[in-house]
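1. Sequence plus the predicted model coming up.
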Amino acid sequence: MILLSTDWGQAWAMAGISVGIVFCILLLLVGVLVVFSAVAEGRKEKPAVAAALDAAPTPAQTMPDDEAAVAMAVYLYMNGRHDEESGVLTIHVNHNSLWHEELNERL
């Protein structure tokens, strides 16, 4: 009986208006963020020294990432800064916990 008395035209209009308001607010938020990022990018001024350093590529900028990782690993290994592992696994198991004792009492 309740479904027969519902004005579906008004219900769909209300749903459309609410979805439209949400999308308008999201678009407004995106616009504000774009404006803020443009203002932030405009304020970034590099000093003359930083601009000169950016002009000439360094070896790290011209080397691919995988070669740089291998070079860093070899450098650290040759300088004695690698991890020294003992090769011993240490696993401590405590079988005498309170839960274990309570379980044994019930059995």
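-> Looks like it arrived, so ask away. Everything numeric here is computed off the predicted structure, so don't read it as measured data.

2. Which positions in the longest helix along the chain come out as buried?
-> Among the elements of type helix in the chain, defined by DSSP state H, the one spanning the most residues is helix 8-43. The neighbour-count criterion (16 or more other CB atoms under 10 Å) identifies no buried residues in helix 8-43. Any C-beta I mention is one placed from the backbone N, CA and C, and that applies to glycine too.

3. Read off the pLDDT value for residue 49.
-> Residue 49 carries a pLDDT value of 55.

4. same check, this time on residue 4
-> pLDDT for residue 4: 70.

5. any idea which element residue 85 lies in?
-> With elements delineated by DSSP states H and E, residue 85 resides in a region that no helix or strand encompasses.

6. same thing with residue 91?
-> Secondary structure here is read from DSSP H and E; on that basis residue 91 sits in neither a helix nor a strand.

7. got a list of what it touches?
-> When the contact criterion is CB atoms under 8 Å, 6 or more residues apart in numbering, residue 91 has no partners at all.

8. Now the phi/psi pair for it, please.
-> When quoted as degrees, to the nearest 10, the phi and psi of residue 91 stand at phi -120, psi 120.

9. any idea how far residue 42 lies from residue 35?
-> 11 Å (CB to CB, to the nearest Å).

10. To clarify, my last question referred to residue 64.
-> When distance is defined by CB to CB, residue 64 is 37 Å away from residue 35.

11. which intervals of the protein have sub-threshold pLDDT?
-> Counting by pLDDT under 70, the chain shows low-confidence ranges at 1-3, 43-62, 81-84, 93-97, 103-104, 106-107.
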